[in-house]
Structures are given as C-alpha cells and as structure tokens.
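S.K.: Following is a predicted model, sequence given first.
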Amino acid sequence: MSEREAMPGTDDPEQVGLRFLSVAYRVREKVDRHMSTAGLSLSRTKVLQLLARRGALHQAELAEALGQAPRSVTQAVEALERAGLVTRVNDTGDRRRKTVTLTAAGHTALSAAEQAGRQILQQLFGSLDAHQRAHLTTLLTLVETATEV
C-alpha cells in the first residue's frame, strides 16, 4: 500500500482535515510558484484582480475586501507600485488616504499571471476525469458550507 492510499484510521475527520490542509497548501504553493514565472505572486495577483474588477480603491478598502491586515496590503501595494503595476495618489478629501489604481502594465501583468494560473490548475485538476472533478466539487461544496455554520 502506498503512502497516499487510505490506511486504517485515516478516514476520521481530523485526519481527513489535516490531509486536506496539506494538499491545499501544496496546491497553493505550486500555483504561486508557477504564477511567479509570469512575474506575480498569487497574493499580488489577487490585489490586481480586485482593482481590475472594482476600479480604483483606497488601500483600506483593498485590505477589507481581501480580508487582510492593512499593513500587509500596504506592503503589497508598495511593491506593485515600484514595479509600475499600480499607482497610488493621495485622496483629495483626506491626504492620509491613498487611492490605488491599476496601470496598463498592471493589466498586462495580470493577464500573464492569470494565464499561468489557469495553466497550472488545468495541469493539476486535468489529471482527474470529469466524474472525479464533479465528485470533488460536491465534496468541496459540502466542506465550504460547513465553514459557514
């Protein structure tokens, strides 16, 4: 029996949950590494996606929408600004607030990162047949619903 095959006692909720967390972490790391070949991390891609979808936002709005600490978002935005992917300007009504806007270069980088993300996800989940993907989707939906209770 291989290490990845089910072993007695490994189907209890705690063991399944730990394995899920481990696999989810490995998938995220693989996606992040692959996206970085296009010049962006997964977390910075999420910032650009939000700006592309919602338009210019204050940094505090970005942090809230991403569910991240304002300082973490500030660091990401500063790095994106240094790379020329976003611009930050002082808010006209409150000079302490900064409005973040996606640049043309940001749109280009976002497209490349999203393509890299799609490519690696196709590779990883394309290894499952349609029935397996449908079953996985059902299971993920059940777990997701349980997190909302």
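M.R.: It's in.

S.K.: pLDDT on stretch 28-45, on average?
M.R.: Stretch 28-45 carries an average pLDDT of 93.

S.K.: Return that stretch as CSV; C-alpha atoms alone will do.
M.R.: As requested, the backbone C-alpha atoms of stretch 28-45 are provided in CSV (Å, rounded to 0.1, in the frame of the first residue of the first chain):
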residue,chain,number,x,y,z
ARG,A,28,-1.3,26.8,-3.4
GLU,A,29,2.5,26.7,-3.3
LYS,A,30,2.6,25.1,-6.8
VAL,A,31,0.2,27.7,-8.2
ASP,A,32,2.1,30.5,-6.6
ARG,A,33,5.5,29.2,-7.9
HIS,A,34,4.0,28.8,-11.4
MET,A,35,2.4,32.3,-11.4
SER,A,36,5.7,33.8,-10.2
THR,A,37,7.2,32.8,-13.6
ALA,A,38,4.8,35.4,-15.0
GLY,A,39,6.1,37.9,-12.6
LEU,A,40,3.4,38.0,-9.9
SER,A,41,2.7,36.0,-6.7
LEU,A,42,-0.8,34.7,-6.1
SER,A,43,-1.4,37.3,-3.4
ARG,A,44,-0.3,40.2,-5.6
THR,A,45,-2.4,38.8,-8.4
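
S.K.: List the contacts of it.
M.R.: With Cβ atoms under 8 Å, 6 or more residues apart in numbering as the contact definition, stretch 28-45 has outside contacts at 48, 76, 79-80, 83, 109-110, 112-117, 119-121, 124. Bear in mind the C-beta positions are built from the backbone N, C-alpha and C, glycine included.

S.K.: Quick check: buried residues in the longest helix along the chain?
M.R.: When secondary structure is assigned using DSSP state H, the longest helix within the chain turns out to be helix 13-36. When burial is assessed from 16 or more other Cβ atoms under 10 Å, helix 13-36 yields the following buried residues: 31, 32, 34, 35.

S.K.: After that helix, which helix or strand is next?
M.R.: Downstream of helix 13-36, the first helix or strand assigned by DSSP states H and E is helix 42-54.

S.K.: Tell me which helix or strand comes right after that following helix.
M.R.: On the C-terminal side of helix 42-54, the nearest following helix or strand under DSSP H and E is strand 57-58.
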